[in-house]
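>>> quick one, fold the following:
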Amino acid sequence: MAETAGNPLYSCRGCRNPIALRADILSKSFMAKSGQAYMFSHAMNIVVGAKEDRQLITGYYTIANIFCSRCGEGMGWTYVRAFDAKDKYKEGKYIVEKAKIVKEY
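All right, here's what the predicted structure looks like:
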């Protein structure tokens with residue numbers, strides 16, 4: 001697990017397992033099934049599911065769903081591959097649904 005002492009972080013809403021540091025937020029303007037979602041450069045304490053090709057609002061991607069490693073709650077997804085050159089910056093990034101996390105200090 002990454003060092004979190006003194007750093008605000010986001011934890012799983014259900015079990016309070018740390019998922020990402022506030023400092024790793026790249027964008028707050030993503031949308032998911034439950035509404036607003038955040039893009040993080042890194043995530044921790046997650047399990048990555050099987051890869052699948054999926055058409056999303058902004059294009060076609062290979063993604064993998066991500067789950068809390070403690071309680072198994074679906075948290076969002078990670079971009080494995082972007083088929084459009086303009087979306088390549090998303091590869092390796094994590095989209096976490098705001099409704100699934102809580103901010104802790």
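>>> residue boundaries of the strands in this structure?
Under the criterion DSSP state E, the chain contains strands at 9-12, 18-21, 25-32, 35-40, 46-56, 59-68, 74-82, 94-97, 101-104.
>>> for the second one, C-alpha coordinates in CSV please.
If I follow you right, that is strand 18-21. Listed next in CSV are the C-alpha coordinates belonging to strand 18-21 (Å, rounded to 0.1, in the frame of the first residue of the first chain):
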residue,chain,number,x,y,z
PRO,A,18,-8.0,3.0,0.8
ILE,A,19,-8.3,3.2,-2.9
ALA,A,20,-6.5,6.3,-4.1
LEU,A,21,-4.7,9.4,-3.0
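>>> contacts for that strand?
Strand 18-21 is contacted from outside by 1-2, 4, 7-12, 38, 40, 42-46, 68, 75, 94, 96, 101, 104, using Cβ atoms under 8 Å, 6 or more residues apart in numbering. C-betas here are computed from N, CA, C, even on glycine.
>>> likewise the third one?
Contact partners of strand 25-32, identified using Cβ under 8 Å, 6+ apart, comprise Gln36, Ala37, Tyr38, Met39, Phe40, Ser41, Ile57, Gly76, Lys93, Ile95, Glu97.
>>> select from the residues you listed the one having the most neighbours.
Neighbour tally across the contacts of strand 25-32 (other Cβ atoms under 10 Å): the maximum, 26 neighbours, falls on Gly76.
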